[in-house]
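In: model the following, please.
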Amino acid sequence: MHAAYVTKTGGPEVLEYSEVEAPAAGPGQVLVRVAAAGVNFIDIYVRTGLYPRPLPAVPGGEGAGTVAALGEGVTGLAVGDRVAWADGNTGSYAEYDVVRADRLVHVPEGVDLETAAAAMLQGMTAHYLTNSTWPLKAGDIALVHAAAGGMGLLLTQIATSKGARVIGTTSTAAKAALAREAGAEAVIDYTEVADLAAEVRALTDGRGVDVVYDGVGKTTFEASLRSLRRRGLLALYGGASGPVPAFDPQVLNRLGSLFLTRPTLVDHIVTREELEWRAGEILAAVADGSLKIRIGARFRLAEAADAHTALAGRATTGKVLLIP
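Out: Take a look at the predicted model:
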């Protein structure tokens, strides 16, 4: 099979593309023919070494495809079934991937495989952030950074469906239009304001927001904290601009007894029941049209380096996919 892989950590140029030996499904595993693989910041962290992995390694922990073979002891699945996954540990940048059977979910009728691949990681992340990290309710106000990205568009749609108000941040007028289309009540162009937190407070009559969903990290962290109301929560779920530097927890005290959490998806789909709950609700919403998945860019598998460059440069909107 063909795959994109890394033999050393570094920039996008370390991603190689060539023919490699196809994997085989072991006990409890399933061999899947990959129709589409999601491109995520976690893949960039693996490539750069921020998240160490044994090398050589095929990145990619999200995708969708059809079952090609079953390992020993696998039940509930059959060759030809359409499945999706977001376990974070597989090698989805390839024509075939081996995934644990208990991490696979069936793709419902009416959802194509590319859309399913685009919905899994970001969809379930948006689900836990809005249902578990800070269970949104009608009247809450949420600040969503990078509101035109794949995560931002999903967070905005889910938040508004729960009756919450969303203030989004973007960097261009075109991205602001996408955020408003998804339901954002107000959008701030962070490239045009001197004090982002002051803009947020002006939009909330000085109160601040109940929760900030921040996947940007380094460049937004301080403004995120200062945008919160007393006893508000900052959910720092990513670091697209880099890791947040060390800071004094007394800052949380001074700014109003704030809460800070750094969650990750793997801790929110530990059990099969939780995985089925989150994936089931997201894919059902996609199937009935109440949740829109925007695929902003598709790259051939051989163009994995270009996909990483585009994602890291924040040159995309919606989800980025690799198509074997």
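In: what about Lys175, which helix or strand?
Out: In the assignment (DSSP states H and E), Lys175 maps to helix 173-182.
In: name the residues of that helix that are buried.
Out: For helix 173-182, burial by neighbour count (16 or more other CB atoms under 10 Å) applies to Lys175, Ala176, Leu178, Ala179, Arg180, Ala182. In short, each C-beta sits where N, CA and C put it, glycine included.
In: the first one touches Ala147, doesn't it?
Out: The reference is to Lys175. Yes - Lys175 is within contact range of Ala147, at 7.5 Å (criterion: CB atoms under 8 Å).
In: between these two, what contacts are shared?
Out: Common neighbours of Lys175 and Ala147, using CB atoms under 8 Å, 6 or more residues apart in numbering, do not exist here.
In: ok, back up a step: next structured bit after the helix holding Lys175?
Out: Using DSSP H and E, the first helix or strand after helix 173-182 is strand 186-189.
In: mean confidence score for that following strand?
Out: For strand 186-189, the mean per-residue pLDDT is 97.
In: any idea which helix or strand comes after it?
Out: helix 196-203.
In: who does that next one touch, helix- and strand-wise?
Out: strand 165-170, strand 186-189, helix 221-226 (3 or more CB pairs under 8 Å, 6 or more residues apart in numbering; DSSP states H and E).
In: those: which one's closest to Gly26?
Out: Each of the helices and strands packed on helix 196-203 has some distance to Gly26 by CB to CB; the shortest is helix 221-226, at 41.9 Å.
In: just the buried positions in the closest one, please.
Out: Phe221, Ala223, Ser224, Leu225, Arg226.
In: circling back: tilt between the helix holding Lys175 and strand 165-170?
Out: Angle, helix 173-182 to strand 165-170, by axes from the mean of the first three to the mean of the last three CA atoms, to 10 degrees: 160 degrees.
In: for Arg103, what are its contacts?
Out: Neighbour list for Arg103: Trp85, Asp87, Leu275 [criterion: CB under 8 Å, 6+ apart].
In: confidence-wise, which of the residues you listed comes last?
Out: pLDDT across those is lowest for Asp87, at 83.
In: hmm, that one is touching Arg100, no?
Out: Yes - counting by CB under 8 Å, Asp87 touches Arg100, with 6.7 Å between them.
In: same list (the helices and strands packed on helix 196-203) but as JSON lines, adding distance to Gly232.
Out: Shown next, in JSON lines, are the helices and strands packed on helix 196-203 (distance: least, CB to CB, whole Å):
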{"stretch": "strand 165-170", "distance to Gly232": "13"}
{"stretch": "strand 186-189", "distance to Gly232": "17"}
{"stretch": "helix 221-226", "distance to Gly232": "9"}
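In: so which of those comes closest to Val200?
Out: Across the helices and strands packed on helix 196-203, Val200 has its closest neighbour in strand 165-170 (6.0 Å, CB to CB).
In: that older thread, CSV please, covering the buried residues of helix 173-182 and showing distance to Asp43 and pLDDT.
Out: Output for the buried residues of helix 173-182, formatted as CSV (distance: CB to CB, whole Å; pLDDT from 0 to 100):
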residue, distance to Asp43, pLDDT
Lys175, 22, 94
Ala176, 27, 96
Leu178, 23, 96
Ala179, 24, 97
Arg180, 29, 98
Ala182, 24, 97
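In: pop the domain breakdown of this protein in here.
Out: Under the assignment automatic domain parsing, the domains of the chain span 2-120+273-323, 137-262.
In: is it possible to export those to TSV including distance to Tyr128?
Out: Formatted as TSV, the domains of the chain follow (distance: least, CB to CB, whole Å):
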stretch	distance to Tyr128
domain 2-120+273-323	6
domain 137-262	9
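In: so which of the ones you listed is nearest Thr130?
Out: Nearest of those (CB to CB): domain 137-262, 4.9 Å.
In: relative to Ala35, how far out is Ala64?
Out: 6 Å (CB to CB, to the nearest Å).
In: Thr156 now?
Out: For Thr156, the distance to Ala35 equals 27 Å [CB to CB].
In: neighbour-wise, which of those two wins?
Out: Between Thr156 and Ala35, Thr156 has the larger neighbour count (other CB atoms under 10 Å), namely 29 against 22.
In: sounds good, over and out.
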